[in-house]
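*Asks:* Got a sequence here, can you model it:
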Amino acid sequence: MASSSSCWYIISIIFVIQVFIKEVNGRQYYPLPSKMESNNNKKALQTFRPYNIAHRGSNGEIPEETSAAYMRAIEEGADFIETDILSSKDGVLICFHDVNLDDTTDIANHTEFKNRKRTYEVQGQNITGYFVVDFTIKELKSLRVKQRFSFRDQQHNGKFTIITFEEYISIALDAKRIVGIYPEIKKSSFY
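*Replies:* Model prediction:
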């Protein structure tokens, strides 16, 4: 049987650890906001057929990895929504496929960023352009997303912004049924 003093010692250690974790933890943990009042009444994830995974959302129709692309994919019956994860200069996780912003945003139209063009080695190749890691979340949110390929529907170009990983999670949480998330860290060796 443990002595009273050793029990108090253990309790003190646990208290100190809890205080330390609370003080060191830079961000308070809290549930992501959901517009749904209760998630208890959602229709369960189906199991009678293979899962439908919406790769970057409904990206053939709407620019990839945007809130509209994910919401459309959910409307179309996706069981999971897949995203690629990158980090901004200030450490905010965003949903974006390429480390380079040139092909799928209007970065070329932003003269305030013209001095940000860089050359980095990405997977063994030197790539020149505008890179996610050189922009804060506020700057990334000022950009508008466009379709990657010219054969895709161009009518939605410029209508949507880059979204954060938290916004992506909220989209899944706000669905009327259970929708899984499928995050993929992109080019982790670049970071």
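
*Asks:* Give the next helix or strand downstream of the least confident helix or strand in the chain by mean pLDDT.
*Replies:* The helix or strand of the chain with the poorest confidence is helix 4-24; it has a mean of 55 (mean pLDDT, DSSP states H and E). Per DSSP states H and E, the first helix or strand lying C-terminal to helix 4-24 is strand 53-55.

*Asks:* what's that following strand packed up against?
*Replies:* Here strand 53-55 touches helix 67-75, strand 80-87, going by 3 or more Cβ pairs under 8 Å, 6 or more residues apart in numbering; DSSP states H and E. No exception for glycine: its C-beta is placed from N, CA and C like everyone else's.

*Asks:* try 10 Å this time
*Replies:* Contacts defined by 3 or more Cβ pairs under 10 Å, 6 or more residues apart in numbering; DSSP states H and E place strand 53-55 against helix 67-75, strand 80-87, strand 180-185.

*Asks:* Now mean pLDDT and distance to V122 too, for the ones you listed, in TSV please.
*Replies:* Listed next are the helices and strands packed on strand 53-55 as TSV, based on pLDDT from 0 to 100; distance: least, Cβ to Cβ, whole Å:
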stretch	mean pLDDT	distance to V122
helix 67-75	96	24
strand 80-87	95	12
strand 180-185	93	14
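
*Asks:* Dump the ones you listed into CSV; add mean neighbour count and distance to T47 as well.
*Replies:* CSV is the format used below for the helices and strands packed on strand 53-55 (neighbours: other Cβ atoms under 10 Å; distance: least, Cβ to Cβ, whole Å):
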stretch, mean neighbour count, distance to T47
helix 67-75, 21, 18
strand 80-87, 22, 13
strand 180-185, 14, 12
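
*Asks:* I'd like these as CSV, with distance to K114 appended.
*Replies:* Converted to CSV, the helices and strands packed on strand 53-55 look like this (distance: least, Cβ to Cβ, whole Å):
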stretch, distance to K114
helix 67-75, 28
strand 80-87, 22
strand 180-185, 30
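
*Asks:* Which residues are in contact with the residue nearest the centre of the chain?
*Replies:* When Cα atoms, centre = their mean is applied to the chain, the residue found nearest the centroid is F165 (2.3 Å). Contact analysis of F165 by Cβ atoms under 10 Å, 6 or more residues apart in numbering lists T83, I85, L86, S87, V92, L93, I94, C95, I181, P183.

*Asks:* do K159 as well
*Replies:* Shown in contact with K159 (Cβ under 10 Å, 6+ apart): I62, P63, T66, A68, R144, V145, K146.
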